[in-house]
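1. here is a sequence together with a model predicted from it:
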Amino acid sequence: MSSTDIIALIVTLVGVAAFAAVFTLLYLSYSKSAIEQTESGKRDIELIDQALLERTEKFKRKKKIAQAFKSVLFIVTMAILIPLFLFSLYDRFFGKPLLENSVMAVASGSMSVKNKKNESYLTGYDNQFQTFDMIVLEKVDSVAELSLYDVIAFKDDTGRTIIHRIILVENNNGKITFETRGDANEASDTYHPEFADVLGKYTGQHIPLLGMPVCFLQSASGITTVLALFYCVFMIDTISKKIENVEKERVEKLFNIIQSHDGEGSVHAVFKETIYYKGFAYVFDENGFVEKTEILQQGEMLEEDKMLKVLEAGEDKTSKEIIIETRKNDAAGTDSGTEKNS
């Protein structure tokens, strides 16, 4: 890497790190607020509704399909992104083919068209390629495998990778060098590579536009973008699990309250339980949840900090009211209850 590339990479890393830090602080603030609202009971209705919805067969089917789709999408994305990213890094930092036949992304248009000044030797050579094409390179083991007008990939004296055509083979006292020029250029390259500089010879095979993501991932912005993406996915997943665990504990606590009773008598087929909470009535029978309805009349059942459970059990429909108060100022959700039989 040149000094300019290193500076660009450092500046980009600093910028992306600053963005990631701000994003992390914002998400931590959101998670803290969500956890506090959950533990204080402000989200109880939302959590109960969601928990009841999740128990329906329709939701379970949809959730199963969604999870399968997300898993497949994640696996496919990682299977493509990780090898492509590693290949791009290898090509960027080492700049040489991995295998006998390898591929290389084209980052410029110097081989895209024939310049009129080059037509004298380009007659019959129609193997040009465009910017962002992915070309196939063949490894060469000796100078004898290279011929005039072959297209080669080589490293110049600054470490850059160049893909140009040989227009002259020079032999200076047994030292072989190549004069190269891009088909679209008017002048030859100032650096004349030796055989040791050659990375491979173009086979004539190329894949249009496939090199675009490779060129991006090789850039300073591409490298830092991928690293930031991996970080954000890990960070969001970790914090989201904390929120989910708090929500799960709260839902279990709410349903334990809803389903609890002192155990007096036996529950027969005739069973009805109604929970009045924050303006809604939740009705259960011996088979589970039945319905949720809004309470229209005014009264103590609508008080925000009070939950009222009416339990009817037995053939004579003996009714028992259990009032469970959830105090707003108690973040742990302390509950106290009173009972009234009828």
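-> Happy to help now that I have it. Residues are numbered from 1 along each chain as shown.
2. from what I can see Thr225 touches Val16, true?
-> Yes - assessed by Cβ atoms under 8 Å, Thr225 is found in contact with Val16 at 7.1 Å. Any C-beta I mention is one placed from the backbone N, CA and C, and that applies to glycine too.
3. between those two, which one's more packed in?
-> Val16 (19 against 15; other Cβ atoms under 10 Å).
4. is the more buried one located within a helix, as I assumed?
-> Yes - under DSSP: H, G, I helix; E, B strand; the rest coil, Val16 sits within a helix.
5. what about Ile236, neighbour count?
-> Every residue meeting other Cβ under 10 Å relative to Ile236 is counted, giving 14.
6. let me fix that, I meant to ask about Ser31.
-> Neighbour tally, Ser31, other Cβ under 10 Å: 17.
7. how far away is it from Lys248?
-> 15 Å (Cβ to Cβ, to the nearest Å).
8. just Lys58 next, same as before
-> Computed as Cβ to Cβ, the Lys58 to Lys248 distance reads 21 Å.
9. for the two, indicate the residue with more neighbours.
-> Using other Cβ under 10 Å, the more surrounded residue of Lys58 and Lys248 is Lys248, with 13 against 8.
10. OK, contacts around the more buried one?
-> Contact partners of Lys248, counting by Cβ atoms under 8 Å, 6 or more residues apart in numbering, are absent.
11. with Glu294 instead?
-> Counting by Cβ under 8 Å, 6+ apart, Glu294 has contacts 279-281.
12. list just the nearest of these to Lys139.
-> Using Cβ to Cβ, Phe280 is the member of the contacts of Glu294 that lies nearest Lys139, at 72.5 Å.
13. and the closest one, what does it touch?
-> 45, 292-295 are the contacts of Phe280 under Cβ under 8 Å, 6+ apart.
14. which one (most neighbours) among those?
-> Busiest of the contacts of Phe280 [other Cβ under 10 Å] is Ile45, holding 16 neighbours.
15. buried residues, the helix or strand where that residue lies. List them.
-> Using DSSP states H and E, Ile45 falls within helix 44-54. If you call a residue buried by 16 or more other Cβ atoms under 10 Å, then helix 44-54 has these buried ones: 44-45, 47-48, 51-52.
16. then stretch 10-22?
-> Buried positions in stretch 10-22, judged by neighbour count with 16+ other Cβ under 10 Å: 12, 16, 20.
17. same question, stretch 278-297
-> For stretch 278-297, by 16+ other Cβ under 10 Å, it's 278, 280-282, 284, 289.
18. run the angle between whichever strand or helix holds Leu73 and helix 44-54 for me.
-> Using DSSP H and E, Leu73 sits in helix 57-93. With axes from the mean of the first three to the mean of the last three Cα atoms, to 10 degrees defining the directions, helix 57-93 sits at 100 degrees from helix 44-54.
19. if we can go back for a sec, among the buried residues of stretch 278-297, name the ones in strands.
-> 280-282, 284, 289 (DSSP state E).
20. need the strands for the stretch 201-342 of the chain, in chain order.
-> 271-277, 280-285, 288-294, 306-313, 318-326, 335-341 (DSSP state E, counting those that start in this stretch).
21. buried sites along the helix ranked longest in the chain?
-> What stands out as the longest helix in the chain, according to DSSP state H, is helix 220-259. By neighbour count on 16+ other Cβ under 10 Å, the buried set for helix 220-259 is 220, 222-224, 226, 228, 239, 246-247, 250-251, 253-254, 257-258.
22. need the contact partners of the longest strand anywhere in the chain.
-> When the chain is parsed with DSSP E, its longest strand is strand 161-172. By Cβ under 8 Å, 6+ apart, the surrounding residues in contact with strand 161-172 are 95, 104, 106, 110-111, 118, 121, 125, 135, 146-156, 176-183, 185, 188-189, 192-193, 199, 202.
23. go again with 7 Å.
-> Residues from elsewhere that reach strand 161-172 (Cβ atoms under 7 Å, 6 or more residues apart in numbering): 95, 104, 106, 110-111, 121, 146, 148-156, 176-183, 188-189, 192, 199.
24. now the angle from it to helix 57-93?
-> 20 degrees.
25. just checking: what are the partner strands of strand 161-172?
-> strand 151-155 (antiparallel), strand 175-181 (antiparallel) (DSSP bridges).
26. and the longest one, what's its mean pLDDT?
-> Going back to what we said before, that points to strand 175-181. Taken as a whole, strand 175-181 has a mean pLDDT of 94.
27. confidence score at Leu53?
-> 83.
28. meant to ask about Ala269
-> The model reports Ala269 with a pLDDT of 39.
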